[in-house]
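>>> generate a structure from the sequence data that follows.
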Amino acid sequence: MKAIIDRFEDEIAVVEIEGRMRNIPRHELPTGAKEGDALIFEAGKWKVSLHNTEKIKKKMDDLAEKLWEN
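Modelled structure (predicted):
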């Protein structure tokens with residue numbers, strides 16, 4: 001299962017999973033996980049996917065750049 005951290009609300013992480021927003025207790029995420037990180041659920045725990053996080057960041061940067069071009 002893949003997810004993206006949208007935001008934190010106190011001890012809850014609000015994440016997007018398959019287009020739906022879900023709440024996950026913050027303590028279930030890896031230490032240091034932050035907004036915008038891509039997560040993968042493997043072997044019963046959440047892990048930050050650095051590769052997917054970088055892909056998402058590049059996509060967002062490219063979209064922002066296109067907006068500024070016009």
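
>>> ok, now how distant is the residue nearest to residue 27 when sequence neighbours are not counted from residue 24?
Spatial nearest neighbour of residue 27, excluding adjacent residues (CB to CB, 6 or more residues apart in numbering): residue 11 at 7.1 Å. Backbone N, C-alpha and C define where each C-beta goes, glycine included. To residue 24, residue 11 is 10 Å away according to CB to CB, to the nearest Å.

>>> likewise for residue 52?
For residue 52, the distance to residue 24 equals 17 Å [CB to CB].

>>> select the longest strand from the protein.
As assigned by DSSP state E, the longest strand anywhere in the chain is strand 2-9.

>>> what's the following helix or strand after that strand?
strand 12-17 (DSSP states H and E).

>>> helix, strand or coil for the nearest residue to residue 13 once chain neighbours are set aside?
In this structure, residue 13 finds its nearest non-sequential neighbour in residue 24, 4.8 Å apart by CB to CB, 6+ apart. Secondary structure for residue 24, judged by DSSP: H, G, I helix; E, B strand; the rest coil, is strand.
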